[in-house]
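> Dropping a prediction and its sequence here:
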Amino acid sequence: MKEYEKTGVLSIEDLRLPSEEQLKKGVAVIECVQNIPCNPCVDACPVKAISMRNINDIPVIDYDKCTGCGNCVAVCPGLAIFLVKTKDDTVFISIPYEFLPIPNVGDRVEMLDRRGEKKGKAEVVRVRRAGKTTIVTIKTEKRFAMVVRNIRVKDA
Ligand code: SF4
Ligand code: SF4
């Protein structure tokens with residue numbers, strides 16, 4: 001049994017990660033590893049970068065095709081897709097967010113890792129409403145690119 005099956009928390013060893021060059025371009029990182037009947041991410045992708053052999057399969061992304069448009073982030077019911085784009089020593093992480101209050105551009109929010117542990121504060125640089133999901137983009141240090149996957153707005 002894999003560790004995440006016991007803890008419910010993924011580690012980067014469970015994921016197929018993009019290269020440094022692909023991260024510079026900005027790509028979706030899909031953190032969906034369970035065989036569940038779900039596939040809106042596949043249909044939402046305008047460039048067919050996400051594939052699944054059947055609806056119970058795990059989605060596989062072609063990072064070279066991905067344009068970082070964010071469509072898949074907005075439709076994923078599991079909030080399991082993130083956009084990650086690096087620039088020099090900085091990373092922009094776009095996170096699906098369904099809590100209230102929704103942060104505003106310029107706010108400083110608490111960054112959380114996959115376990116919900118605090119990783120310091122980051123600036124919100126973009127807030128995009130997409131149906132019931134809000135996609136919040138934070139700007140932080142590049143070392144957090146594969147670490148931070150949530151935010152806490154209150155108490156930030
Ligand atoms: S970010 Fe856009 S291009 Fe990339 S996988 Fe998602 S929907 Fe496709
Ligand atoms: S939409 Fe989300 S939960 Fe559903 S298969 Fe795609 S990544 Fe997994």
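Okay, I see it. Ligands and ions are numbered 1, 2, ... in the order given.
> which one is C45 nearest to, not counting chain neighbours?
C72 (5.7 Å; CB to CB, 6 or more residues apart in numbering). The way it works is simple: take the backbone N, C-alpha and C, and place the C-beta from them, glycine included.
> So A122 lies in a strand, does it not?
Yes - according to DSSP: H, G, I helix; E, B strand; the rest coil, A122 belongs to a strand.
> Near it, how many other residues are there?
24 (other CB atoms under 10 Å).
> Then P37?
P37: 8 neighbours (other CB under 10 Å).
> Identify all contacting residues around the helix or strand of the chain with the lowest mean pLDDT.
Least confident element among the helices and strands of the chain, by mean pLDDT, DSSP states H and E: helix 3-7 (a mean of 78). Here helix 3-7 makes contact (CB atoms under 8 Å, 6 or more residues apart in numbering) with 9-11, 14, 33.
> just to revisit the earlier point, quick one: the residue nearest to C45 is in a helix?
Yes - under three-state DSSP, C72 sits within a helix.
> What residues does the protein have near ligand 2?
Taking CB under 6 Å from any ligand atom as the criterion, the chain approaches ligand 2 at residues 30, 32, 38-41, 59, 76-78, 80-81.
> Switch those over to a markdown table; also include secondary structure and pLDDT.
Conversion of those to a markdown table gives the following (DSSP: H, G, I helix; E, B strand; the rest coil; pLDDT from 0 to 100):
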| residue | secondary structure | pLDDT |
| --- | --- | --- |
| I30 | strand | 96 |
| C32 | coil | 93 |
| C38 | coil | 95 |
| N39 | coil | 95 |
| P40 | helix | 96 |
| C41 | helix | 97 |
| P59 | coil | 95 |
| C76 | coil | 96 |
| P77 | coil | 94 |
| G78 | coil | 94 |
| A80 | coil | 96 |
| I81 | strand | 97 |
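> near ligand 1, from those?
Okay, of the residues of the chain next to ligand 2, nothing touches ligand 1 (CB under 6 Å from any ligand atom).
> What subset of these is buried?
The neighbour count (16 or more other CB atoms under 10 Å) marks 30, 32, 38-39, 41, 59, 76, 80-81 as buried among the residues of the chain next to ligand 2.
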